[in-house]
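> only geometry, no sequence info:
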């Protein structure tokens, strides 16, 4: 077997390309020489949409286009499947003209006969000029030209770029970083940090984002922005994503084992477009959660690039399947260059994270009222569609004040809580952060919460135009956001509703003050079976919520034990207190008020039926119903 045949295919291609460059340098006379690389990495879009054969056809058409534009005596070679090399004897001005001509040629639509379509590749051109003595290193020239082509792809402006010292230095640093990063996984240098996501209304932690850090042996702790772009370009992001998924699942399982009585908020993971394009993400996710023994709903996924869902139908189907299992899907950096309002209604998502570019005042640019108005409109539209809104990157009090004015649901950032190792966040359930402030009100019933026009119209049972008329007449006080949207205090809406409907005061619950022995016996022996039956009756059998999930099951055992002791001792206040704690745990875990109320009602009814039938304790059955009814009423009054 020959030496070349024994080499990997890509190594043979590189040797052939270097040989072409050497020949061009040898034939060049005194004016000079040029090495150009055409980067057509965008052909992946054609592969995914039409198949690999169509991608090959597009590259073949591109190569013909390059041959037509290049000088007749130029050397052509293929560096990789997506990279073409042109080496020619040209002086500086002629080389620049060729780079411009190639950039124009490769951006024009290409006819792909097999697919019966025209495609336009986002190809770029990098140009490297050897030293004047023409003794340039062929390998170094290829690296410089390829780095210049990558730089042209990453930046706005012309589709070509000339390699210079800065480009060469960046390319060398990138290559060194890529090589070091490839070994970081095997050397156990990656670490997980976690940053809380906090409710703007209550200041409680409602989620945690898992973030990767690199403990570099020489440069110290590196943040994701310092190495993930290199991982994305090189393909290492798949390995890092697998490591993050497995490590996060292990950490969630460890938290659950250490604190089985607690309900931890879901942990969010970022999923890159390359990971979704890989086509195996759903299988890798299922394998990771199964291996760690954690429920899928304990995790949430943040998708940064919605465009990948347009390009791959199977990616959207995978996310829909994961969402059906209880995994929350959040569209990250919404409002950036790749975002579309159509995505909000089309994609299988549960929430949004806004892009910082929308929020001029939040990023310190000051006075960007137009951007804030756009953000305000997105928040209003998303809330109308039932999507949660999180705003990241909060670092100053002024930024937090602006976020409150937008009436988003949650926020995160260094002002609220810095990313930290898992050991620093062991008490997530108990963590509360004082960020609610006067803008959301301090009253327990949330009287100062500001509601949008649509919510007020629904609450009053009138049209939106009627609400506007009531506001204009001064019957219902209101304010306006910077974007001109009306907002109304919850307390004012409730007052007007009571006046219009003249709702009578409810009679107070008459709670039993004597021990309920039959009820205590039922709860001790069959309480969990009744709770499980009530929980499962709430949900679609293929999409179980908090009460029927492992967190809810674990918390139910604690609640039932305390409830049993309370009814056995004839202590209704303790029974209400432990049920209220259970309801609060449910809402912290993501359950809605409707889930809580329906569960309490279903459980009370099922237990009462058993008491009246099997225990011949009809009076105790009515007493338990009153306790559950009072608990549901107390819960609703605190919302």
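Thanks, I have the structure now. Values in this document were obtained by computation on a predicted structure and should not be read as measured data.

> per the record, what domains does the protein have?
Listed domain ranges for the chain are 3-163, 178-440, 450-501, 517-637 (source: automatic domain parsing).

> Including mean pLDDT, mean neighbour count and distance to residue 509, could the ones you listed go into TSV?
Quick note: C-beta positions are derived from backbone N, CA and C, even for glycine. Written out in TSV, the entries for those read as follows (pLDDT from 0 to 100; neighbours: other Cβ atoms under 10 Å; distance: least, Cβ to Cβ, whole Å):
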stretch	mean pLDDT	mean neighbour count	distance to residue 509
domain 3-163	77	18	61
domain 178-440	78	18	26
domain 450-501	79	16	21
domain 517-637	84	19	4
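
> Nearest approach to residue 510 belongs to which of those?
For residue 510, the closest of the domains of the chain is domain 517-637, at 6.6 Å, according to Cβ to Cβ.

> Surely residue 243 is in contact with residue 188?
No: under the criterion of Cβ atoms under 8 Å, residue 243 is not in contact with residue 188, lying 9.9 Å apart.

> Dead centre of the chain: give me the residue that sits there.
residue 302 (1.4 Å; Cα atoms, centre = their mean).

> so how far is residue 268 from that one?
Counting by Cβ to Cβ, to the nearest Å, the separation of residue 302 from residue 268 is 5 Å.

> One more: residue 390?
The value you get for residue 390 to residue 268, if Cβ to Cβ is used, is 9 Å.

> residues shared between the contacts of residue 302 and residue 268?
Both residue 302 and residue 268 are in contact with 209, 330, where contact means Cβ atoms under 8 Å, 6 or more residues apart in numbering.

> picking that back up, next, show the common contact partners of residue 390 and residue 268.
Shared contacts of residue 390 and residue 268, counting by Cβ under 8 Å, 6+ apart, come down to 197, 207, 330.

> Provide the secondary structure category for the second one.
Of the three states, residue 207 takes strand according to DSSP: H, G, I helix; E, B strand; the rest coil.

> and the gap between it and residue 288?
According to Cβ to Cβ, residue 207 and residue 288 sit 19 Å apart.

> Just put the domains of the chain in JSON lines and tack on distance to residue 511.
What follows is the domains of the chain, written out as JSON lines (distance: least, Cβ to Cβ, whole Å):
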{"stretch": "domain 3-163", "distance to residue 511": "63"}
{"stretch": "domain 178-440", "distance to residue 511": "26"}
{"stretch": "domain 450-501", "distance to residue 511": "26"}
{"stretch": "domain 517-637", "distance to residue 511": "4"}
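
> Span of stretch 403-422 from start to end?
Across its full length, stretch 403-422 reaches 27 Å end to end, with Cα to Cα, to the nearest Å as the criterion.

> scratch that, stretch 376-394 is what I was asking about
With Cα to Cα as the measure, the first residue of stretch 376-394 is 17 Å from its last.

> cool, stretch 407-415 as well?
From its first residue to its last, stretch 407-415 covers 18 Å (Cα to Cα).

> Residues contacting it, please?
195-201, 206-207, 209, 351, 354, 379, 383, 388-397, 399-400, 403, 435, 450, 452, 481, 487.

> Just the ones in helices from those, please.
Among the contacts of stretch 407-415, the subset assigned to helices under DSSP state H consists of 379, 383, 397, 399, 400, 403.

> mind putting the residues you listed in TSV, distance to residue 547 included?
As requested, the ones in helices among the contacts of stretch 407-415 are arranged in TSV below (distance: Cβ to Cβ, whole Å):
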residue	distance to residue 547
379	30
383	25
397	38
399	37
400	33
403	31
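
> ok, of those residues, which one's closest to residue 528?
The closest of those to residue 528 turns out to be residue 383 (Cβ to Cβ; 37.1 Å).

> thinking the closest one is in contact with residue 377, fair?
No: with the criterion set as Cβ under 8 Å, residue 383 and residue 377 do not qualify as a contacting pair; they are 11.0 Å apart.

> next one: stretch 142-160 to chain centre, how far?
Stretch 142-160 sits 30 Å away from the centroid of its parent chain (Cα atoms, centre = their mean, to the nearest Å).

> Check stretch 620-633 too.
Computed by Cα atoms, centre = their mean, the separation of stretch 620-633 from the middle of its chain amounts to 41 Å.

> same check, this time on stretch 86-96
With Cα atoms, centre = their mean, you get 46 Å for stretch 86-96.

> Over to stretch 67-84?
Using Cα atoms, centre = their mean, the distance from the centre of stretch 67-84 to the centre of the chain it belongs to is 41 Å.

> Please identify which pair of the ones in helices among the contacts of stretch 407-415 lies farthest apart.
Looking at the ones in helices among the contacts of stretch 407-415 by Cβ to Cβ, the two members farthest from one another are 383 and 397, with 24.6 Å of separation.

> now the strands for the stretch 401-550 of the chain?
In chain order, the stretch 401-550 of the chain shows strands spanning 410-411, 450-452, 479-480, 486-489, with DSSP state E, counting those that start in this stretch as the criterion.

> out of these, nearest to residue 561?
Evaluated with Cβ to Cβ, those place strand 410-411 nearest to residue 561, the distance being 32.5 Å.

> Okay, now the sheet partners of the closest one, with direction.
The pairing partners recorded for strand 410-411 under DSSP bridges are strand 190-199 (antiparallel), strand 388-391 (parallel).

> Pick out whichever of the shared contacts of residue 390 and residue 268 sits closest to residue 561.
When the shared contacts of residue 390 and residue 268 are compared against residue 561 (criterion: Cβ to Cβ), the nearest one is residue 207, at 28.6 Å.
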